[in-house]
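Chemist: Just to be clear, the model below is a prediction. Sequence and coordinates:
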Amino acid sequence: MKLKSFLVFIILGMTALTARAQIYELGLFGGGAYYLGDLNRGPQGQFNNTEPAFGGFFRYNMDNHLSARVNLMHGNVSGSDQDSPFSILENDEVFHFETTITELSVQGEVNFLPYITGEEESLFSPYIFGGMGYLFFDGDYGIGDQSHLETAERPDVDNNISVTFLFGAGLKYYLTPNISGGLEWGLRKTGTDYLDQVSLRGNPRGDDWYGFAGLSLSVKIIDRSRARCPHPPF
């Protein structure tokens, strides 16, 4: 039910923004995903075990400072108790995990400098973003040898779905009149402690986090800012 409400929220939000939007974009993201939790404490271990990640997004540019974006992101996160102050097992064996994550989210972006895709007057701008979404995840764990993973015996965690809150920063830059490049880093706070398969065996007081960092490429598909009403015939 929560997921249905979130999808309705996205659709209604986009409908409201359409009347104001100046430029629409479709984009692709490629980079890495990493995890913060019981088996990987930051900031010194923040990028340990970074795994490949990719995704796509649909962006509304309301003006040259404000944008809204819907993301679909996918990747893996992993870790082991070699990177943790907690020893998950009672012997010297190593506990490790690998979890597949898929995120559907919406975020708002604020450009520090005026920026519109394809405008040579705005060659680049740093930006910040924040938003929320849903995380879908499924993981396995292993003991001793990472080549032998066993199915995780996890308690019920709401069908492996969690609300996630995201924030981060990036840089947009001009490539061509229709294409923008981007560099982005963002963290996600989840509502679950089961990304790493350990929960109560680790530190039950904190939920897990994950992040994405990488490059993006977006293409302008509709430019309403250049629409002009026809001149009257007199």
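Modeler: Sure, I can see it. What you see is a predicted model, and the numbers here were worked out from it, not measured in a lab.
Chemist: ok, then the element right after the least confident helix or strand in the chain by mean pLDDT?
Modeler: Across the helices and strands of the chain, mean pLDDT, DSSP states H and E gives its lowest value to strand 149-151, namely a mean of 49. Sequence-wise, the next helix or strand beyond strand 149-151 is strand 161-176, with elements assigned using DSSP states H and E.
Chemist: What pairs with that following strand, parallel or antiparallel?
Modeler: Paired with strand 161-176 in the same sheet, following DSSP bridges, are strand 124-143 (antiparallel), strand 179-190 (antiparallel).
Chemist: Which of these has the lowest mean pLDDT?
Modeler: Between the strands paired with strand 161-176, the lowest average pLDDT goes to strand 124-143, which shows a mean of 90.
Chemist: Which of the residues in it are classified as buried?
Modeler: Neighbour-count burial for strand 124-143 flags Ser125, Tyr127, Phe129, Gly131, Met132, Gly133, Tyr134, Leu135, Phe137, Gly139, Tyr141, Gly142 (criterion: 16 or more other CB atoms under 10 Å). Where C-beta positions appear, they are placed from N, C-alpha and C, glycine not excepted.
Chemist: in the protein, which spans are helices?
Modeler: If DSSP state H is used as the criterion, the helices of the chain fall at 2-18.
Chemist: low pLDDT regions in it?
Modeler: Scanning the chain with the threshold set as pLDDT under 70 gives 1-22, 41-48, 82-92, 144-159, 199-205, 224-234.
Chemist: Now with 80, please.
Modeler: Low-confidence regions of the chain, defined here as pLDDT under 80, cover residues 1-22, 38-49, 80-96, 118-122, 140-159, 197-206, 222-234.
Chemist: Thought Phe29 was touching Gly56, still the case?
Modeler: Yes. Gly56 sits in contact with Phe29 when judged by CB atoms under 8 Å, with a separation of 6.8 Å.
Chemist: Looking only at neighbour counts, state which of those two leads.
Modeler: Neighbours of Gly56 and Phe29, each counted by other CB atoms under 10 Å, are more numerous for Phe29; the result is 23 against 15.
Chemist: How much space separates that one from Ser216?
Modeler: Distance of Phe29 to Ser216, computed by CB to CB, to the nearest Å: 5 Å.
Chemist: list residues touching both of those two?
Modeler: Both Phe29 and Ser216 are contacted by Phe57, Glu184, under the criterion CB atoms under 8 Å, 6 or more residues apart in numbering.
Chemist: Give me the contacts around stretch 218-225.
Modeler: Defining contact as CB under 8 Å, 6+ apart, one finds that stretch 218-225 is touched by 21-28, 57, 59, 116-118, 178-180, 182.
Chemist: Sounds good, over and out.
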